[in-house]
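Asks: below: sequence and its predicted model.
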Amino acid sequence: MIIMILLDEARPPSMLEIYFARCFGLSLLAIAAITIVLTGSIPISSSSTSSSYSITTEENDPKAPYALPTILMSSIFHSSSAFYTYAWYYTTGQASFALAMVVYGGLAAVGLWCLLFASSDGRISRRTGADKRTSGFPFKNDEAEKKRASKKVL
């Protein structure tokens, strides 16, 4: 198979190559369906007793126990595919590889965002409703410094 790819002349694909290409396409569709089901985006149970089917990415959520590992593996797949299509775009200069690179990179970025920010509830303040895990980098929090300055004077 690899020798045939390296040939310079154009030839029609063999029946075996067509079979492998279609099997690969169907396996990618199956992996996409498994990813959607295992992240909990589609409910697996058919019971309509719970009207609101909320899915969280917490590790102790019984509705989607494989949500975080599935998101991690699909993010790794999309980032490696983005790198691979970038290499092909750099080699051939075809715009279709650039488009595929952007799509794969976007999906990898969404997966990374979900892993970083959507995997915990955060520490939400009951009084202000803001997240307590914020820092002053790269911007300074002038209001907090004013409050601290007035407390230091007392």
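Replies: Everything's here; your move.
Asks: going by C-alpha atoms from here, please, whenever you check contacts or count neighbours.
Replies: Noted.
Asks: so where is the chain shaky, pLDDT-wise?
Replies: 1-4, 40-64, 119-126, 129-139, 141, 143-144, 150-154 (pLDDT under 70).
Asks: next structured bit after the longest helix seen in it?
Replies: When the chain is parsed with DSSP state H, its longest helix is helix 67-92. Sequence order places helix 95-117 as the next helix or strand after helix 67-92, per DSSP states H and E.
Asks: got the CA positions of that following helix in PDB?
Replies: Listed next in PDB are the C-alpha coordinates belonging to helix 95-117 (Å, rounded to 0.1, in the frame of the first residue of the first chain):
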ATOM      1  CA  ALA A  95      -6.400  24.900   0.800                       C
ATOM      2  CA  SER A  96      -8.400  21.900   1.800                       C
ATOM      3  CA  PHE A  97      -5.700  20.800   4.200                       C
ATOM      4  CA  ALA A  98      -5.700  24.300   5.600                       C
ATOM      5  CA  LEU A  99      -9.400  24.100   6.200                       C
ATOM      6  CA  ALA A 100      -9.100  20.700   7.800                       C
ATOM      7  CA  MET A 101      -6.300  22.100  10.000                       C
ATOM      8  CA  VAL A 102      -8.500  24.900  11.200                       C
ATOM      9  CA  VAL A 103     -11.400  22.600  11.900                       C
ATOM     10  CA  TYR A 104      -9.300  20.100  13.800                       C
ATOM     11  CA  GLY A 105      -7.600  22.800  15.700                       C
ATOM     12  CA  GLY A 106     -10.900  24.400  16.700                       C
ATOM     13  CA  LEU A 107     -12.300  21.100  17.900                       C
ATOM     14  CA  ALA A 108      -9.100  20.500  19.900                       C
ATOM     15  CA  ALA A 109      -9.400  23.900  21.400                       C
ATOM     16  CA  VAL A 110     -13.000  23.300  22.400                       C
ATOM     17  CA  GLY A 111     -12.000  20.000  24.000                       C
ATOM     18  CA  LEU A 112      -9.100  21.700  25.900                       C
ATOM     19  CA  TRP A 113     -11.500  24.400  27.000                       C
ATOM     20  CA  CYS A 114     -13.900  21.800  28.300                       C
ATOM     21  CA  LEU A 115     -11.200  20.000  30.200                       C
ATOM     22  CA  LEU A 116      -9.900  23.200  31.800                       C
ATOM     23  CA  PHE A 117     -13.000  25.200  32.600                       C
END
